[in-house]
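S.K.: Could you look at this predicted model? Sequence included:
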Amino acid sequence: TVKEALVEKVAVIGENLKIRRFEKVTAENGCVVDYTHGGGRIGVVVVAETATVNDTVTEAMKNIAMQIAALNPKYVSRDEVPADVVEAEKEILKAQALNEGKPAAIVDKMVEGRINKFFEEVCLLDQPFVKDQDKTVQEVLNEKIAVIGENIVIRRFVRFERGEGI
């Protein structure tokens, strides 16, 4: 159990430890791939659904886990971003545009362009891929789908960073 593993670690290092956060991650049809960055400073787990799990898929998910560690997206795709978060961001962007003295007629167009930038920051699949900035993560994923001939869907990811939330 987790409690037994914790007691064992405490006995080994001689310091009291507490588990502040954890998530149970499983994949019914696909794979779970983990990545640790910076000597354990950042840990990422990616859950992908696919009918084929081979080295190509595992390597792709490892690269996507590196992406998550580096750019810290909040959501997998635009569909996951809550409507109230999008609306709040639009209001902020609209206020910024109006404060910049932009005409009200073009503010809505500016907000749409800026909201797309917002999605690029917070949505994994919209982000520029760290290993090839000319492609998005979705485009890289599509290339892997073409190679293996099976669909790959990133269902979720978990990212932990040491000291986060303290």
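M.R.: That came in fine, so what should we check first? Numbering: from 1, shown residues only.
S.K.: Only C-alpha atoms from now on, for both contacts and neighbour counts.
M.R.: Will do.
S.K.: Quick one: low-confidence residue ranges for the protein.
M.R.: Across the chain, nothing is flagged by pLDDT under 70.
S.K.: what are the ranges of the helices in it?
M.R.: Along the chain, counting by DSSP state H, helices occupy 2-13, 55-71, 83-99, 104-122, 137-148.
S.K.: I'd like those helices written out as CSV, with distance to F22 and mean neighbour count added.
M.R.: Listed next are the helices of the chain as CSV, based on distance: least, CA to CA, whole Å; neighbours: other CA atoms under 10 Å:
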stretch, distance to F22, mean neighbour count
helix 2-13, 10, 11
helix 55-71, 17, 19
helix 83-99, 25, 14
helix 104-122, 22, 15
helix 137-148, 26, 16
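S.K.: and K131, which of the ones you listed is closest to it?
M.R.: Closest to K131 of the helices of the chain, according to CA to CA: helix 55-71, at 8.4 Å.
S.K.: Which one of the helices of the chain lies nearest to G30?
M.R.: Once the helices of the chain are compared by CA to CA, helix 55-71 is nearest, at 9.5 Å.
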